[in-house]
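Trainee: fold the following for me, if possible:
(4 chains)
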There are 2 protein chains.
Amino acid sequence: MPYPAKLTTDQILDAAQTLLETQGAEALTMRSLAQVLGVQASSLYRHHASRDVLLLALSDRAALELLDTLLDVSRGLSPRAALEGAAQAYLDYARSHPNLYALLLLKRGPLSSDQLARSAGKQLWNGFLRLVGALSGDPDDTDHAVAYWTLLHGFAELERSGAFGASGPRGGLDVGLTAILDHMEAAAG
Amino acid sequence: MPYPAKLTTDQILDAAQTLLETQGAEALTMRSLAQVLGVQASSLYRHHASRDVLLLALSDRAALELLDTLLDVSRGLSPRAALEGAAQAYLDYARSHPNLYALLLLKRGPLSSDQLARSAGKQLWNGFLRLVGALSGDPDDTDHAVAYWTLLHGFAELERSGAFGASGPRGGLDVGLTAILDHMEAAAG
DNA sequence: GTCTATAGACAGATAGAC
DNA sequence: GTCTATCTGTCTATAGAC
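Mentor: Numbering: from 1, shown residues only, chains lettered A, B, ... in the order given. Got it, this is the predicted structure:
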């Protein structure tokens, strides 16, 4: 009686995300995932062609979840406050989902321009553009968006790695963020 | 006739670095490394207790090599030009040694405070402090050093991942760097 | 200090029955 | 769509001869 289906693609991803976040990327194997789901490993291949495909799906989820968080927290705020709030939310997300966050920048195969436009990564990027554009006045302000994201990602990674040592680097983010936001406001003139 | 020794610890690291840079981290196995060296994998364990230890040694090398590059390129320049030159050199290094660079922020076990003070990561950090302090006037300007390193690391990673897409993000680094360097100069007042 | 040989574990993925 | 069974490959690391 294999019917009805025990698994759905989303259920698998839910379990995979939990496993990833709690045990790390190496612990996320097809076997361990199957065990959590009470299923045989070979059954998973009906839903995801390979482990790599599954990881990419998790990466997309992370990008969209992060984007949602950023938009939520910034809603209704002034442009500057939105960028400050989003920065906090970004770092909070990276801190509370370190293993998932590490998947965010996974290498992808080449995409068609149509696929690219819909991709989760592109949507996240567009979110940054929108937040930044509201302050600088340029709706396609690539340069400032790059600078802003760069700062956030770099801080998230260096913090996680412990490279800063014990000396609390909190002030370092504030300084960098202030410098860049000031620069945006100056550009808006 | 096993004598004289075929291997030295440094020769092994040289070969490991080459293998890592050309083939990626996954391709760096004790077997593949031994093959390159014309030796059996088991022989490597006389020189490095485990693969993890070997990777940490590579990480230390990368930190010191990068530090040398930064100091070289900035020697004799004005404080601001030094920071600009070092930024370029940092990104060049990350671009030309992507797999090695990725090891830079490896997790470490806990160190004694003495070990920590001598560690390659700490030396690199001190290099940043020196470069930054020359411009801002504060020889222990943690905040600005964090902001500077954060920007460089974030840019290196996002560039490598392709997250920026085809739109050349060059200007984004310039904008962020200018903003932060201006902020340092203002602090020096 | 390097060798042979092997232990021991684990992984991704597939074939074919039901 | 899930199962059992298995293929095939990978790896780190150790024991003991020389």
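
Trainee: who in chain A is up against DNA strand D?
Mentor: Selection of chain A residues close to DNA strand D by CB under 7 Å from any atom of the strand yields A:2, A:5-7, A:34, A:38-43, A:46-47. Every C-beta, even on glycine, is put in place using the N, C-alpha and C of the backbone.

Trainee: how about a cut-off of 6 Å?
Mentor: Proximity of chain A to DNA strand D (CB under 6 Å from any atom of the strand) is limited to residues A:2, A:5-7, A:39-40, A:42-43, A:46.

Trainee: between the residues you listed, which is nearest chain B?
Mentor: A:Ser42 (24.4 Å; CB to the nearest CB).

Trainee: phi, psi of that closest one?
Mentor: Backbone geometry at A:Ser42, expressed as degrees, to the nearest 10, gives phi -60, psi -20.

Trainee: quick one: which two of the residues of chain A next to DNA strand D are the most distant?
Mentor: A:Ala5 and A:Ser42 (14.9 Å; CB to CB).

Trainee: roughly how far is stretch A:150-157 from the heart of the chain?
Mentor: Relative to the centre of its chain, stretch A:150-157 is centred 12 Å away, using CA atoms, centre = their mean, to the nearest Å.

Trainee: quick one: average pLDDT of that stretch?
Mentor: For stretch A:150-157, mean pLDDT is 98.

Trainee: pretty sure A:Lys6 sits against A:Gly38.
Mentor: Yes. In this structure, A:Lys6 is within contact of A:Gly38 by CB atoms under 8 Å, at 7.4 Å.

Trainee: next helix or strand past the lowest-mean-pLDDT helix or strand in chain A?
Mentor: One helix or strand of chain A scores below all others by mean pLDDT, DSSP states H and E: helix A:113-118, with a mean of 92. Next along the chain after helix A:113-118, taking DSSP states H and E as the criterion, comes helix A:120-136.

Trainee: list the contacts of that next one.
Mentor: The contact list for helix A:120-136 (CB atoms under 8 Å, 6 or more residues apart in numbering or on different chains) reads A:59-61, A:63-64, A:66-67, A:70-71, A:74, A:79-80, A:82-83, A:86, A:108, A:116, A:139-142, A:144-145, A:148-149, A:181, A:184-185, A:187-188, B:163-165.

Trainee: could you do stretch A:97-114 as well?
Mentor: Under CB under 8 Å, 6+ apart, the answer for stretch A:97-114 is A:17, A:20-21, A:24-25, A:55-56, A:58-59, A:62-63, A:66, A:93-94, A:119, A:121, A:156, A:160, B:157-158, B:160-163.

Trainee: any buried residues in it, and which?
Mentor: A:97-105, A:108 (16 or more other CB atoms under 10 Å in any protein chain shown).

Trainee: kindly report the same for stretch A:4-12.
Mentor: Taking 16+ other CB under 10 Å as the criterion, stretch A:4-12 shows A:7, A:12 as buried.

Trainee: please enumerate residues in contact with that stretch?
Mentor: A:33, A:37-39, A:43-44, A:46-48, A:54.

Trainee: got JSON lines for these, with pLDDT, secondary structure and neighbour count too?
Mentor: Shown next, in JSON lines, are the contacts of stretch A:4-12 (pLDDT from 0 to 100; DSSP: H, G, I helix; E, B strand; the rest coil; neighbours: other CB atoms under 10 Å in any protein chain shown):
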{"residue": "A:Leu33", "pLDDT": "98", "secondary structure": "helix", "neighbour count": "23"}
{"residue": "A:Leu37", "pLDDT": "98", "secondary structure": "helix", "neighbour count": "19"}
{"residue": "A:Gly38", "pLDDT": "97", "secondary structure": "coil", "neighbour count": "9"}
{"residue": "A:Val39", "pLDDT": "98", "secondary structure": "coil", "neighbour count": "15"}
{"residue": "A:Ser43", "pLDDT": "98", "secondary structure": "helix", "neighbour count": "16"}
{"residue": "A:Leu44", "pLDDT": "98", "secondary structure": "helix", "neighbour count": "23"}
{"residue": "A:Arg46", "pLDDT": "97", "secondary structure": "coil", "neighbour count": "11"}
{"residue": "A:His47", "pLDDT": "98", "secondary structure": "coil", "neighbour count": "17"}
{"residue": "A:His48", "pLDDT": "98", "secondary structure": "coil", "neighbour count": "19"}
{"residue": "A:Leu54", "pLDDT": "98", "secondary structure": "helix", "neighbour count": "22"}
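
Trainee: gap between the closest residue to A:Leu37 other than its chain neighbours and A:Glu21?
Mentor: Of all residues not flanking A:Leu37 in the chain, A:Ala15 sits nearest, at 5.4 Å (CB to CB, 6 or more residues apart in numbering or on different chains). If you measure A:Ala15 against A:Glu21 using CB to CB, to the nearest Å, the figure is 11 Å.

Trainee: check A:Phe155 too.
Mentor: Using CB to CB, we find A:Phe155 at a distance of 21 Å from A:Glu21.

Trainee: of the two, which one has the most company?
Mentor: A:Phe155 (28 against 17; other CB atoms under 10 Å in any protein chain shown).
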